[in-house]
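**Student:** need a structure here:
(one chain, ligands or ions: 2)
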Amino acid sequence: MSQPDIPFPNSPVVPTMVEGTHVIEFSCHKGIGCWNACCSNIDISLTPYDVLRLKTRLGISSTEFLKEYTVPYEMEKDSIAGVKFRPVDAGTACRFMQPEGCGIYQDRPTACRYYPVALLSMRRQDEYIDRDSYAIVREDHCKGHEVNRRITIADYRKEQGLEDYDDLARGWRQLVLKKQSSGPSIGKPSLRSRQLFFMACYDIDRFREFVSAESFGRLFELPQEEKQALLADDVALLQFAFRFLRQVMFGEESIALNAEAAQERLVKVQEKRLIEEREAAGRRAQEEEAGGAEEED
Ligand code: SF4
Ligand code: SF4
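**Tutor:** Ligands and ions are numbered 1, 2, ... in the order given. Just a heads-up that it's a prediction; the model follows:
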């Protein structure tokens, strides 16, 4: 079968998009010659739901988990942030790899569950509906492709518990896709909105504090009962975080604003912007003056 052009010749991703009905031949089991080879050299991006599962598994806060087990990266230049697993010190292996296999198997991240399949989510401009396709990852060291077990990608996703994982990270994926496809019409998000994105998506325990704070209560009119239910449930709070970000990043208002507080906030933002513009104009004038003095010399 002819293949389309390969944009990254050394990439292990087979450059063909397939649907969930596609049949793969693959099996990974203890005793296979390449056992743990894939976990010895990792590059694993985490979804917000992965972070939530892992911090719960380890019994630590999301803030501690992020600090200890992840490194941030930019999904797009100067744009929104993602987080990746931090490998062992001075090495490339996963910190959860054990001789008998994955030390956190029940809570392993989405990317580990999908392997050797890669999820490709796409969306049209101004749509939130994402369309999933898949690609197959073929790495020379992985002998799982040589095992004669045929399974559709749809069944493989079920087997690996991916349906829940994908459902609970969908709101995040849709935000990322919308940001990526909105391009210059939305522009580079401010530092504040990038910080909010990071906190709301990955640092759920800090987001809980943020939602509990008096300032949040002054700005957003969230019924007390709904708020208490959110604060008591990490998964519900994460889904609320995506809703909150749609409002903050794309102006899709689904959380009622306190009109008076919103007006006060708008005035403050406008005042701050005015001060910043004046300061920038002052700096430009000083630079021009300095440039003129140099020319006279
Ligand atoms: S989390 Fe588990 S499956 Fe994933 S790389 Fe680490 S050891 Fe391997
Ligand atoms: S078969 Fe592939 S996925 Fe399984 S241990 Fe070997 S390299 Fe890893």
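**Student:** so which strand or helix has the residue lying closest to Glu76 once chain neighbours are set aside?
**Tutor:** Leaving aside its sequence neighbours, Glu76 sits nearest to Gln180 (Cβ to Cβ, 6 or more residues apart in numbering; 6.3 Å). C-beta coordinates here come from the backbone N, C-alpha and C atoms, glycine included. Taking DSSP states H and E as the definition, Gln180 sits inside helix 162-182.
**Student:** Please pull up the helix or strand immediately following that helix.
**Tutor:** Assigned by DSSP H and E, the successor of helix 162-182 is helix 191-202.
**Student:** For that following helix, which helices and strands make contact with it?
**Tutor:** Using 3 or more Cβ pairs under 8 Å, 6 or more residues apart in numbering; DSSP states H and E, the elements in contact with helix 191-202 are helix 48-58, strand 81-85, helix 162-182, helix 204-212, helix 234-250.
**Student:** measure the residue in the stretch 151-297 of the chain that ligand 2 sits nearest to to Leu175 for me?
**Tutor:** Residue nearest to ligand 2 within the stretch 151-297 of the chain: Gln160 (11.5 Å; Cβ to the nearest ligand atom). Using Cβ to Cβ, to the nearest Å, Gln160 is found at 24 Å from Leu175.
**Student:** Comparing these two, which shows the higher neighbour count?
**Tutor:** Higher neighbour count among Gln160 and Leu175: Leu175, with 22 against 16, using other Cβ atoms under 10 Å.
**Student:** For that one, which non-adjacent residue is spatially closest?
**Tutor:** Leu245 (5.6 Å).
**Student:** wait, is Ala118 part of a helix?
**Tutor:** No. Counting by DSSP: H, G, I helix; E, B strand; the rest coil, Ala118 falls outside a helix, being strand.
**Student:** Give the burial count for it, as a bare number.
**Tutor:** 16.
**Student:** While we're on it, how confident is the model there?
**Tutor:** The per-residue pLDDT reported for Ala118 equals 93.
**Student:** and the nearest residue to it once chain neighbours are set aside, what element?
**Tutor:** Nearest residue to Ala118 in three dimensions, chain neighbours excluded: Ala135, at 4.6 Å (Cβ to Cβ, 6+ apart). Assigned by DSSP H and E, Ala135 falls within strand 131-137.
**Student:** All set now, cheers.
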